[in-house]
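Engineer: Just need the structure, nothing else, for what follows:
(one chain, ligands or ions: 1)
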Amino acid sequence: MAGSRRTFWLIITLLAATGAFTHAYAGSVSGRAVSQDGAPVTDAVLTAVPADGGIVAAKPGSKAVMIQEGKQFIPYVLAVQAGTTVDFPNHDSFRHQVYSFSTAKTFELKLYGSGEIGSVLFDKPGAVPVGCNIHDNMLAYVYVTPGPHFALTGAEGAAQLKGLPAGTYTISAWHPHQRGVSPSQQVTVSADGDVEVKVELRLRNTRGQRKPGAFDEKAY
Ligand SMILES: [Cu+2]
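Structural biologist: The predicted structure follows:
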């Protein structure tokens, strides 16, 4: 019967449009980052690493961007997977010189002006504080994750890690102002479920911005 066949395809189309099929292949983790005072933590990077150690490498040519504008880096925290090249375009009318002395990536771009772009390949996991030789107050962080599953928390301290194949994962959280090692916990993700995870970060008080290199690298 033509009518029932049409209804069948309509239902199939609606299921596909609402993502009912893709949900069957991947689970997710809804993370919430809070400080020791229970306040939501923005700009925390949540990562999920398979407990069996299997990591999918970044696609060749993966790119991300950190802008220099108004004597600031934007965003303040940029999370990328190892193997990603970050462009540092200068949107200001004056020159910047971007650098880092970090263990995960030491680099120094040449001094460059308005409209120009410097690029750096981040090939090793870790926290990379980024500064400018000309403007001491400019500070931001590139957080390089080993695998493809990561998300940055928003204003409410929430972030969702989507598209996780079923399995056991170590969920960890990192924030530039944290004290000590990153908190982590293991969760089991099913093929179609969402796991809620709350992570507590011990943050130090920050008054203004610190210069790159002044932070405790041992904590990472
Ligand atoms: Cu600068």
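
Engineer: What's the first helix or strand after the lowest-mean-pLDDT helix or strand in the chain?
Structural biologist: Ranking every helix and strand in the chain by mean pLDDT, DSSP states H and E puts helix 2-17 at the bottom, with a mean of 63. Reading on from helix 2-17 to the C-terminus, the next helix or strand found by DSSP states H and E is strand 27-35.

Engineer: Summarise which helices and strands that next one is packed against.
Structural biologist: Where contact means 3 or more CB pairs under 8 Å, 6 or more residues apart in numbering; DSSP states H and E, strand 27-35 is packed against strand 45-50, strand 158-164, strand 167-174, strand 184-189, strand 194-201. C-betas here are computed from N, CA, C, even on glycine.

Engineer: Name the residues that touch it?
Structural biologist: 40-41, 44, 46, 48, 151, 153, 156-166, 169, 171, 173, 175, 187, 189-203 (CB atoms under 8 Å, 6 or more residues apart in numbering).

Engineer: between it and strand 158-164, how many degrees?
Structural biologist: With axes from the mean of the first three to the mean of the last three CA atoms, to 10 degrees defining the directions, strand 27-35 sits at 160 degrees from strand 158-164.

Engineer: Strand 27-35 vs strand 194-201, what angle?
Structural biologist: Interaxial angle of strand 27-35 relative to strand 194-201 (the same axes, to 10 degrees): 20 degrees.

Engineer: Just the CA atoms of strand 27-35, as CSV, please.
Structural biologist: The C-alpha trace of strand 27-35 is given here as CSV (Å, rounded to 0.1, in the frame of the first residue of the first chain):
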residue,chain,number,x,y,z
GLY,A,27,27.5,7.8,24.1
SER,A,28,28.3,11.1,25.8
VAL,A,29,29.6,12.5,29.1
SER,A,30,28.0,15.6,30.6
GLY,A,31,30.6,17.2,32.7
ARG,A,32,30.3,20.0,35.3
ALA,A,33,33.4,21.6,36.8
VAL,A,34,33.2,23.3,40.2
SER,A,35,35.8,25.0,42.4
